[in-house]
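**Student:** Predicted model and sequence follow; I will ask about them next.
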Amino acid sequence: MMSTLLQQAPGCSSRVHGQRPHGVTLEWRGLTYTVPVGFGKRRRARTVLLEASGSVRPGHLLAVLGGTGCGKSSLLNALAGRLPRGGKLEGEVLVDGQPRTEAFRSSCGYVMQDDVLFSNLTVQETLEFAANIRLPASVSAATRQQLVADTMAELGLTKVADTLVGNAWVRGVSGGERKRVHIATEVLANPNFLCADEPTSGLDAFQAQNIMTALWALAGDGRTVVATVHQPRSSIWSLFDYLLVLSEGRTVFYGPAAAATAHFAAAGYACPPGYNPADVILDVTSRDYRTPESEAATQKRVQLLADLHALQAAAKPSLQEGGASPRAASPSPAPAAAGKRRFANSALREFWLLSGRAWRQSSRAHVEQIISTVQTVFVAALLAWLWSGMSQSEPGGVQDEVGVLFMVVVTTAMNVMMGALVSFTFDKPTVDRERAARAYRMLPYYLSRLACDTPLRVAQSLLFSGIIYWAVGLNPKASAFFIFCALNVCIGLAGQALGMAVSVALPMAIALAVAPFVVIFLMLFSGFYVNNSTLPAVLRWIKYISHLFWGLVGLAVNDFRGRTGWACPVSAATPGCQVSGEDILAQLNFEGFTAADAFMGLLLLTLGFHLIGYTALRLRKPCFLPLAPAKKGL
Ligand SMILES: Nc1ncnc2c1ncn2[C@@H]1O[C@H](COP(=O)(O)OP(=O)(O)OP(=O)(O)O)[C@@H](O)[C@H]1O
């Protein structure tokens with residue numbers, strides 16, 4: 001059953017954009033991609049793509065077909081300039097006859113296999129964000145709205161406009177709809193070249209049909225579209241304009257899809273009547289690893305097919321050039337893009353748009369908020385209970401009071417840091433994708449994330465302070481309570497900055513393992529476990545980069561200074577013996593500090609951690625494999 005999308009006139013979005021998309025002619029010649037595999041003596045270079053050549057023109061949907069592991073995604077990534085570093089790519093990729101530029105990579109639409117989208121935004125909000133961030137501010141708000149509405153209609157998303165995008169944990173749109181949202185976010189940037197990696201994987205036949213029909217319509221609009229496909233059903237097969245079949249990294253067919261059946265029939269693999277040609281092609285070109293004999297037989301067959309293709313390509317080079325699309329009106333050539341692609345919006349507008357998205361994402365994460373609140377209340381109540389017997393008149397009162405202050409510092413810093421660490425890490429795949437498209441600058445992104453995360457962290461610190469302070473019975477002066485709260489907020493913000501720095505600088509799994517170690521290290525220099533005066537002189541400076549040290553200094557000074565009446569410890573106890581707050585501060589080696597020093601220390605550390613985080617974000621940009629010229633003689 002053909003989708004209703006086929007009946008819809010393609011081209012709505014381009015009309016709103018004000019012009020037909022300038023599809024590009026993409027040619028690739030002699031692309032060979034090798035990757036290092038194995039370790040030690042078994043290390044060798046594995047050829048993933050060998051001498052791949054072909055082209056695709058505006059208005060065409062080129063399908064890349066082949067068994068699993070044959071190199072489809074690698075070819076797509078090689079064309080889009082998005083192969084990860086670590087291997088070697090040789091050959092030539094030309095865009096409208098010119099060598100591919102970095103601007104082309106960031107301007108082409110790229111639908112990855114995994115849908116990396118913000119789960120707590122509705123479909124409409126997701127597309128509005130994509131339109132706002134990718135289109136220049138000169139495009140009016142009304143035009144953007146129209147563009148979003150038309151793109152939703154074009155991709156069959158109108159009925160789910162107000163449904164959450166969702167993910168594995170948040171119930172949202174279906175898998176097929178999510179894939180179409182992903183395609184729509186790319187289409188909204190009006191790309192000249194759109195590539196989609198396995199857009200139908202994991203979808204049922206009907207959804208797969210809808211997705212491929214949508215891509216077919218987008219190509220008919222004048223764009224150049226390349227998609228890798230696993231097992232297309234017959235109705236999907238009929239949508240392909242051009243077909244490229246890969247086997248073991250070698251091209252075994254490239255040409256008009258309509259000619260594929262005859263080509264394979266001529267090679268001795270005719271498609272029986274009523275069969276889906278794609279099934280026959282996949283059977284013939286897939287390597288059978290079940291027995292050494294079957295493997296050798298399929299290897300031989302693939303070799304023959306690849307040789308046959310190479311012979312035909314040499315005899316009829318026009319086949320490699322693709323033909324003019326029968327569907328697309330002849331599009332005007334794309335303006336040559338050179339250098340780096342410019343950002344569409346000002347940094348201020350990017351901050352505004354990114355903050356809106358981040359706020360929606362985090363404010364709708366109700367489960368996370370409830371868990372975080374319950375955890376904060378639980379820990380505060382537990383500490384309050386444990387320290388409920390604390391008394392100034394008891395000989396252990398000083399130890400108890402210093403102990404509770406230390407626990408407050410550690411709990412606040414740790415709680416907030418882990419929250420910031422996790423929430424920041426979840427953004428990474430989406431941000432990497434948008435960054436590769438140069439959708440926005442990193443400073444507005446970092447600041448927007450900070451701005452949206454901070455209210456939650458401040459609320460967490462205040463809630464914790466409010467419960468513990470009066471339950472335990474610290475300095476009864478009202479001003480001391482407010483300073484305690486302010487210090488706790490600052491400790492939390494320093495912990496948040498540290499969490500962001502760690503999560504940005506390291507991959508998630510490593511960040512989660514490293515973060516507690518960093519806290520334990522800084523805890524050792526907080527002045528609680530080891531008195532600073534007894535530390536080796538060479539290590540004493542470390543306390544100044546510990547937010548736990550400054551936090552404990554601030555809370556201790558705020559609690560003890562100006563007060564007296566603590567019972568002496570048992571060892572020194574003579575009847576009526578008392579120690580003052582100043583004595584306690586001197587014992588901790590904190591007597592030379594004020595609360596203002598602690599605020600300043602925490603502020604400087606927060607700024608320092610953010611500087612490290614932002615620098616790491618700038619440095620950890622997605623890096624792609626450069627294209628080296630093909631070696632002569634190959
Ligand atoms: N960076 C790499 N390191 C090691 N092997 C790699 C690398 N990139 C690709 N390969 C290997 O090259 C082969 C082709 O990979 P590719 O992802 O392009 O295949 P595919 O046809 O898209 O497969 P599938 O349909 O299963 O997604 C696979 O066997 C894969 O394991």
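**Tutor:** Noted; the coordinates are in hand. Residues are numbered from 1 along each chain as shown.
**Student:** Can you give me every residue that contacts Gln392?
**Tutor:** With contact set as Cβ atoms under 8 Å, 6 or more residues apart in numbering, Gln392 has these partners: 401, 565-567. C-betas here are computed from N, CA, C, even on glycine.
**Student:** Check what pLDDT it gets.
**Tutor:** On the pLDDT scale, Gln392 is placed at 77.
**Student:** Which of the three states applies to it?
**Tutor:** Classification of Gln392 by DSSP: H, G, I helix; E, B strand; the rest coil places it in coil.
**Student:** what's the burial count for Met390?
**Tutor:** Neighbours of Met390 under the rule other Cβ atoms under 10 Å: 17.
**Student:** one step back: now, of the contacts of Gln392, which are buried?
**Tutor:** 401, 566-567 (16 or more other Cβ atoms under 10 Å).
**Student:** would TSV of those with pLDDT, distance to Phe624 and secondary structure be doable?
**Tutor:** Formatted as TSV, these follow (pLDDT from 0 to 100; distance: Cβ to Cβ, whole Å; DSSP: H, G, I helix; E, B strand; the rest coil):
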residue	pLDDT	distance to Phe624	secondary structure
Glu401	91	57	helix
Trp566	86	64	strand
Ala567	85	67	strand
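**Student:** from these, which single one is nearest the ligand?
**Tutor:** Glu401 (57.3 Å; Cβ to the nearest ligand atom).
**Student:** any idea how far Ile542 lies from Thr412?
**Tutor:** For Ile542, the distance to Thr412 equals 21 Å [Cβ to Cβ, to the nearest Å].
**Student:** more neighbours, those two?
**Tutor:** Using other Cβ under 10 Å as the criterion, Ile542 and Thr412 rank with Thr412 on top: 32 against 15.
**Student:** So that one, which state does it fall into?
**Tutor:** Thr412 - assigned by three-state DSSP - is helix.
**Student:** pretty sure it is touching Ile491, no?
**Tutor:** Yes - contact criterion Cβ atoms under 8 Å: Thr412 and Ile491 qualify, at 4.9 Å.
**Student:** Restricting to C-alpha, output the helix or strand where Ile281 lies in PDB.
**Tutor:** In this assignment (DSSP states H and E), Ile281 forms part of helix 277-285. Extracted in PDB, the C-alpha atoms of helix 277-285 (Å, rounded to 0.1, in the frame of the first residue of the first chain):
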ATOM      1  CA  PRO A 277      14.600  -8.000  -6.800                       C
ATOM      2  CA  ALA A 278      16.200  -6.700  -3.500                       C
ATOM      3  CA  ASP A 279      15.900 -10.200  -1.900                       C
ATOM      4  CA  VAL A 280      17.700 -11.800  -4.900                       C
ATOM      5  CA  ILE A 281      20.400  -9.200  -4.900                       C
ATOM      6  CA  LEU A 282      21.000  -9.500  -1.200                       C
ATOM      7  CA  ASP A 283      21.100 -13.300  -1.500                       C
ATOM      8  CA  VAL A 284      23.700 -13.100  -4.300                       C
ATOM      9  CA  THR A 285      25.900 -10.500  -2.800                       C
END
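**Student:** can you list contacts of the next helix or strand after it?
**Tutor:** Using DSSP H and E, the helix or strand that follows helix 277-285 towards the C-terminus is helix 292-315. Residues from elsewhere that reach helix 292-315, judged by Cβ under 8 Å, 6+ apart: 51, 53, 247-248, 250-254, 263, 267, 284-289, 319-320.
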